[in-house]
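# Need the 3D shape of this:
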Amino acid sequence: RHGRLARTCTHRPPRRRYSRMPTTRSQSKSDARRLPMVLWPPNLIGYVRVATLCAAMHAADPAGSDAVWFCFVSLFLDYLDGPCARYLNMCSQFGDLLDHYTDHVSMFWLVYITSTSTINVAVNAAHAVVACGYMARCGHYFKHSSGGNFVTRLVEENNYFNMPAMLWNANTVLIPFVKMSYHIEKGLPQNDSTLLINIFDALGGLVTLSYTVAVCLPPDGRSRKGK
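Alright, predicted model coming up:
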């Protein structure tokens, strides 16, 4: 009996197991890279940044609620496109230039609509022209160059996490947003300010001017930090 059962078991066909092969991250990334470069997800984020910036520029009130939110979304996405590109291994010259062109146009626009200082507007206009001109001529952002000088290294140290860089950011982004928020919630003119804000704005403008001039100077041969 046990022998017949054993022989019966030995002739039973093996049970088939159906399993789906899991898709690995590397396979997903490889599939994504098959897309044309202009359709890579990080570049799509860049297009949204451009679209929201253009929407802010064409808003009925350039410092109103709609414009502020459009600018905020554009700048917030600036913190996503780079990590997305590195995670998906989709870093490209096109994406890098798109990112930094959008950055500098955004910064100038914010200063232009909120500043009463002709000098401040002129300094930021010059910075935008120099930055965009440098990228058009060299094909990359000046932070990615092989060299630099004392001023560029000072601003770019610790990946822009330092006092000069924070003053530069205050001049080009933070102070304009503060003025726009008071314009929306308190009904003040978008270029209204206080003495203390003007002092920090002037210090930030000085950093912007110094950085602009420094970019035009030849490198001194020393390596950059915080790249």
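
# From now on I want contacts and neighbour counts done on CA atoms only, so please keep to that.
OK.

# can you tell me how far the closest residue to R222 other than its chain neighbours sits from V155?
Excluding its sequence neighbours, the residue lying closest to R222 (Cα to Cα, 6 or more residues apart in numbering) is G147, at 6.2 Å. From G147 across to V155, the span is 14 Å (Cα to Cα, to the nearest Å).

# do D61 as well
From D61 to V155 the distance is 33 Å (Cα to Cα).

# Between these two, point out the one with more neighbours.
V155 (25 against 12; other Cα atoms under 10 Å).

# and A170, what does it touch?
Counting by Cα atoms under 8 Å, 6 or more residues apart in numbering, A170 touches 200-201, 204.

# In strands, which of those residues appear?
Nothing among the contacts of A170 maps onto strands, per DSSP state E.

# The nearest residue to A126 once chain neighbours are set aside: how many residues sit nearby?
Once flanking residues are discounted, A126 sits nearest to T212: 7.4 Å by Cα to Cα, 6+ apart. Applying other Cα under 10 Å, we find 21 residues neighbouring T212.

# T212 is in what secondary structure piece?
helix 195-216 (DSSP states H and E).

# which residues make contact with that helix from outside it?
120, 123-124, 126-127, 130-131, 142, 148-149, 151-152, 155, 164-172, 175.

# at 7 Å instead, please
120, 123, 127, 130, 151-152, 164, 167-168, 170-171 (Cα atoms under 7 Å, 6 or more residues apart in numbering).
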